[in-house]
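>>> task: produce atomic coordinates for the following.
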Amino acid sequence: MLRTLWRILRRALLAVLAFALLFPPLYNLVVPEHRADSIDLPLPPPSSYRVFVANWGYHTSIIVQQPSGWSLGPPGEERAAFLEYSWGDRLFYKDSDYQPQAVFATLVLPTSTVVYLNGWADPPEFRGARSVYERTIDATTTRSLLIELERTFRRAAGIRLEPYPVVAAYDGRFYPSYGRYFWIRDCNWWTVTRLAAVGLAGSGAGVLFSGQVENRLHGFHRVKSDATPVNSSVP
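Purely as a prediction, here's the structure:
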């Protein structure tokens, strides 16, 4: 009897494992990433603009210098000097739901997502970041990168949907997002894919972990600093 139950359990576990390994890649092949239609932003004044990629441990984010006079920041920080963008699973990232069934869904099923937006002061600080990479880009690339990032937000009539209520321990705001999350399209894949779209990184294919991101970046150098971020996307 026990031997029979063990065989049934083993087969069930193998079936779950096979599904977890095979379904996300198949979905990834068949269903393209959903993005907002192209967004029109003006060309910023000619200048060099700074962009950072921060590694917070398991998660990465993109921090872009906002052109003077623009208002892309979250409520209360619309004209912030720098804007932090990151993306992730709604339950795991925004709601901090770490129950086993929620984690399984996050990794294996195409779950709903959020985009995180925070406004930073100048100069930005990076307390708690494992590593930070920086480069400068011209006005045209800055515009292209911000359009690419803004296309992550769900929109109605071209306008971002309202952010979710403030989440404790986060300085920024979470917004409804396009895209489905699972292990083959995770937050670090998103970081590299957004940068790759404007020529600032190689392909995001195969990027799962934050430590893989740095090897895909183009033209960035590591920032050596003991400073710590006041405005982290990770509590």
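>>> shaky segments in this structure?
1-2, 16, 18-19, 224-235 (pLDDT under 70).
>>> switch to 80 and redo it
The chain contains residues with pLDDT under 80 at 1-25, 104-105, 224-235.
>>> can you pull out the strands in it?
49-55, 60-65, 82-89, 113-120, 131-137, 155-156, 159-160, 173-176, 221-222 (DSSP state E).
>>> who wins for proximity to Gly211 among those?
strand 49-55 (7.3 Å; C-beta to C-beta). Bear in mind the C-beta positions are built from the backbone N, C-alpha and C, glycine included.
>>> which other helices and strands contact the closest one?
strand 60-65, strand 82-89, strand 131-137, helix 139-150, helix 210-213 (3 or more C-beta pairs under 8 Å, 6 or more residues apart in numbering; DSSP states H and E).
>>> quick check: which of these is nearest to Arg185?
strand 82-89 (9.7 Å).
>>> okay, that closest one in CSV with CA atoms only?
What follows is strand 82-89, C-alpha atoms only, in CSV (Å, rounded to 0.1, in the frame of the first residue of the first chain):
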residue,chain,number,x,y,z
PHE,A,82,15.9,60.5,-11.9
LEU,A,83,13.3,57.9,-12.5
GLU,A,84,13.6,54.3,-11.3
TYR,A,85,11.7,51.6,-13.3
SER,A,86,11.3,48.0,-12.5
TRP,A,87,8.8,45.2,-13.2
GLY,A,88,7.6,42.0,-11.6
ASP,A,89,4.8,39.7,-10.5
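>>> which strands and helices lie in contact with that strand?
strand 49-55, strand 60-65, strand 113-120, helix 187-196.
>>> try 6 Å
strand 60-65, strand 113-120, helix 187-196 (3 or more C-beta pairs under 6 Å, 6 or more residues apart in numbering; DSSP states H and E).
>>> Trp6 and Leu13, how far apart?
10 Å (C-beta to C-beta, to the nearest Å).
>>> how close does the nearest residue to Leu195 once chain neighbours are set aside sit to Val207?
Nearest residue to Leu195, sequence neighbours excluded (C-beta to C-beta, 6 or more residues apart in numbering): Ala201, at 3.7 Å. Ala201 sits 9 Å away from Val207, going by C-beta to C-beta.
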